[in-house]
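In: pasting the structure only:
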């Protein structure tokens with residue numbers, strides 16, 4: 001792993017661990033390639049040891065609302081890391097037990113409450 005995202009991860013004191021891939025059965029827009037995946041960067045802080053070593057690094061799941069990640073990924077991270085502090089960057093919704101950061105969190109939360 002390298003690039004700007006990893007530089008940010010490291011500057012915040014985290015250690016990048018894995019790239020987890022969300023495979024979508026639908027193909028979306030793209031300039032050179034039509035994308036059908038999104039990638040989640042998993043990083044840790046401190047001496048966290050995984051509690052569940054049998055997790056894969058990809059999951060096929062249908063698309064949800066605009067860039068909303070499937071709950072599966074949050075559940076997997078909790079299963080692997082236990083009851084520790086967690087943060088989701090570029091989040092689209094608030095999730096109990098998680099700190100979230102993203103400029104669309106409240107927008108999508110308000111829309112969900114309207115229905």
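Out: Right, received. Where do you want to start? Just so we're clear, the structure is a prediction, and the values are computed from it rather than from any experiment.
In: I'd like the distance from stretch 44-63 to the chain centre, please.
Out: 10 Å (CA atoms, centre = their mean, to the nearest Å).
In: and for stretch 81-88?
Out: Centroid separation between stretch 81-88 and its chain, computed with CA atoms, centre = their mean, is 12 Å.
In: ok, and for that stretch, which residues are buried?
Out: Within stretch 81-88, the residues scored as buried using 16 or more other CB atoms under 10 Å are 81, 88. C-beta: built from backbone N, CA, C; applies to glycine.
In: what residues does it touch?
Out: Residues outside stretch 81-88 that contact it (CB atoms under 8 Å, 6 or more residues apart in numbering) are 44, 48, 50-51, 69, 74, 77-78, 95, 97-102.
In: test my guess that residue 14 contacts residue 46.
Out: No - here residue 14 lies out of contact with residue 46, judged by CB atoms under 8 Å, at a distance of 9.3 Å.
In: out of those two, which sits in the busier spot?
Out: residue 14 (17 against 8; other CB atoms under 10 Å).
In: for residue 3, see how far away the more buried one is.
Out: Remark: distance between residue 14 and residue 3 (CB to CB, to the nearest Å) = 15 Å.
In: kindly report the same for residue 84.
Out: Taking CB to CB, one finds residue 84 at 26 Å from residue 3.
In: the contacts of stretch 81-88 in helices, which ones?
Out: 74, 77-78 (DSSP state H).
In: which residues in the chain form strands?
Out: For the chain, the strands defined by DSSP state E occupy 15-23, 37-44, 58-60, 87-89, 99-101.
In: worst average pLDDT in those strands?
Out: For these, the weakest mean pLDDT is recorded on strand 58-60, namely a mean of 69.
In: ok, the residue most central in space within the chain to residue 104 distance?
Out: Per CA atoms, centre = their mean, the C-alpha nearest to the average position across the chain is that of residue 40, at 4.4 Å. To residue 104, residue 40 is 17 Å away according to CB to CB.
In: again with residue 46
Out: Residue 46 sits 29 Å away from residue 104 when distances are taken as CB to CB.
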